[in-house]
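J.: Here's a sequence, model it:
(one chain, ligands or ions: 2)
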Amino acid sequence: MQKEFAYPHFITGGGRRLGLAVIRSLLAQGERVVMSYRTFTPVIEALMAEDVHCIRADFTQPDTVSKMVNTIVAEYNGLRSIIHNASDWGSETDSEDLNELMARMWQVHVAVPYQLNMSLQSLLLCAAHDLNQATDIIHLTDFVAEKGSDKHIAYAASKAGLANLSLSFARQLAPKVKVNAIAPSLLMFQEGDNKEYQQKALKKSLLCLEPGEQEGVAAVQYLLSSRYMTGRTLALDGGRHLA
Ligand SMILES: NC(=O)C1=CN([C@@H]2O[C@H](COP(=O)(O)OP(=O)(O)OC[C@H]3O[C@@H](n4cnc5c(N)ncnc54)[C@H](OP(=O)(O)O)[C@@H]3O)[C@@H](O)[C@H]2O)C=CC1
Ligand SMILES: Nc1nc2c(c(=O)[nH]1)N=C([C@H](O)[C@@H](O)CO)CN2
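T.: Ligands and ions are numbered 1, 2, ... in the order given. Below is the predicted model of the structure:
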């Protein structure tokens, strides 16, 4: 199979909300995109029709992850970025088996991002050499990685692990690859969030607003355009750390 020469962005969990918004912003810039999805929906079908390379992978099923890695390595000579967006916001109250919950949180938020960074870093380095500019790894973490969460304990711990990956990979891959994190506290509510929950969540920050997915898109775009940031976290939290 002829290898593709344009260096695409690779984003995980691109089928909805922030991941999908990031894809749309990259396509609008004329960039090529490879994405992973877990659930096939009409959105995925539409992205395929727009020449987005959509690869199915459930991060709790290692064989689907390995197959995805093999596909990317076989079809591309380099990657412009890896954006780790896929996430499972698991909670202790919704879980009957806490060992399974912790294992799943670690798998989705730490083990697979680690595997992808280790397996695909040569493609990032190759693109950086050819483009003569640094390429990027971006981890979507969470405000609670630093502060903890009493309702999403395993989730918060796994996001802290993901945040730590940013530090290690920033050391390992500099100067050819920049590695940063984005830590939102609130970007957008879930459809099922009731008014009482939303009001309580909004009051946790100084700015008391739901910024929406474009706040996250702007942060991704900043990191991709920055020439001098690595090993850092962009905190998108409305001043919650001071509230
Ligand atoms: N929304 C917010 O306010 C906040 C978001 N964040 C972080 O920002 C990022 C984007 O948030 P948001 O858009 O709300 O995320 P969502 O929870 O809406 O979507 C996450 C994506 O991850 C995918 N995913 C979930 N589990 C798996 C799995 N086991 N294997 C593969 N993919 C999986 C989903 O795939 P599919 O749809 O195909 O099932 C989905 O597309 C996440 O990392 C999140 O933790 C942090 C703080 C606040
Ligand atoms: N994977 C996800 N992680 C998180 C989500 C989400 O919808 N998906 N949402 C939040 C909330 O914004 C929470 O911080 C306040 O309601 C956190 N992480």
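
J.: the helices in the protein, which residues?
T.: Counting by DSSP state H, the chain has helices at residues 17-28, 42-49, 62-75, 98-106, 112-131, 144-147, 153-173, 195-202, 213-225.

J.: Just the residues contacting the second one, thanks.
T.: In other words, helix 42-49. With contacts defined as CB atoms under 8 Å, 6 or more residues apart in numbering, helix 42-49 is touched by 14, 15, 16, 20, 23, 35, 37, 54. Any C-beta I mention is one placed from the backbone N, CA and C, and that applies to glycine too.

J.: how about it: buried residues?
T.: Within helix 42-49, the residues scored as buried using 16 or more other CB atoms under 10 Å are 43, 44, 47.

J.: I'd like the distance between the last one and residue 195.
T.: Yep, that's residue 47 we're talking about. Separation of residue 47 from residue 195 (CB to CB, to the nearest Å) stands at 33 Å.

J.: Stretch 35-55 close to ligand 1?
T.: Yes: residues of stretch 35-55 contacting ligand 1 under CB under 6 Å from any ligand atom: 37, 38, 39.

J.: How about the contacts made by the second one?
T.: Pointing back at residue 38 there. Residue 38 is in contact with 13, 15, 56, 57, 58, 59, 86, counting by CB under 8 Å, 6+ apart.

J.: For burial, what's the neighbour tally of the first one?
T.: Read that as residue 13. Counted by other CB atoms under 10 Å, the residues lying close to residue 13 total 24.

J.: Look up how far residue 16 lies from the closest residue to it other than its chain neighbours.
T.: Computed as CB to CB, 6 or more residues apart in numbering, the closest residue to residue 13 that is not its neighbour in sequence is residue 86, at 3.1 Å. Separation of residue 86 from residue 16 (CB to CB) stands at 11 Å.

J.: More neighbours: these two, which one.
T.: When neighbours are counted by other CB under 10 Å, residue 86 comes out ahead of the other of residue 86 and residue 16, with 24 against 14.

J.: which residues touch the residue positioned nearest the centre of the chain?
T.: Of all residues in the chain, the one closest to the mean position by CA atoms, centre = their mean is residue 85, 1.9 Å from it. Going by CB under 8 Å, 6+ apart, residue 85 touches 11, 12, 13, 14, 18, 19, 22, 140.

J.: Let me know the closest of those residues to residue 80.
T.: residue 11 (10.9 Å; CB to CB).

J.: who does that closest one bridge with?
T.: When assigned by DSSP bridges, residue 11 has beta-bridge partners residue 35, residue 83.

J.: for ligand 1, what are the nearby residues on this structure?
T.: Going by CB under 6 Å from any ligand atom, the residues of the chain near ligand 1 are 13, 15-19, 37-39, 57-60, 85-89, 108, 140, 142, 184, 186-188.

J.: Now, of the residues you listed, which are buried?
T.: For the residues of the chain next to ligand 1, buried by 16+ other CB under 10 Å: 13, 15, 18-19, 37-38, 57-59, 85-88, 108, 140, 142, 184, 186-188.

J.: restrict those residues to contacts with ligand 2.
T.: By CB under 6 Å from any ligand atom, the members of these lying near ligand 2 are 87, 142, 186.

J.: Any idea how many residues pack against residue 225?
T.: By other CB under 10 Å, 9 other residues sit near residue 225.

J.: do residue 139 as well
T.: For residue 139, using other CB under 10 Å, the count is 26.

J.: got it, and residue 173?
T.: Residue 173 has 21 nearby residues by other CB under 10 Å.

J.: Contact partners for it?
T.: Taking CB under 8 Å, 6+ apart, we find residue 173 in contact with 121, 124, 125, 137, 179.

J.: wait, doesn't the first one sit right on residue 177?
T.: In this case it means residue 121. Yes: taking CB atoms under 8 Å as the definition, residue 121 is a contact partner of residue 177 at 7.0 Å.
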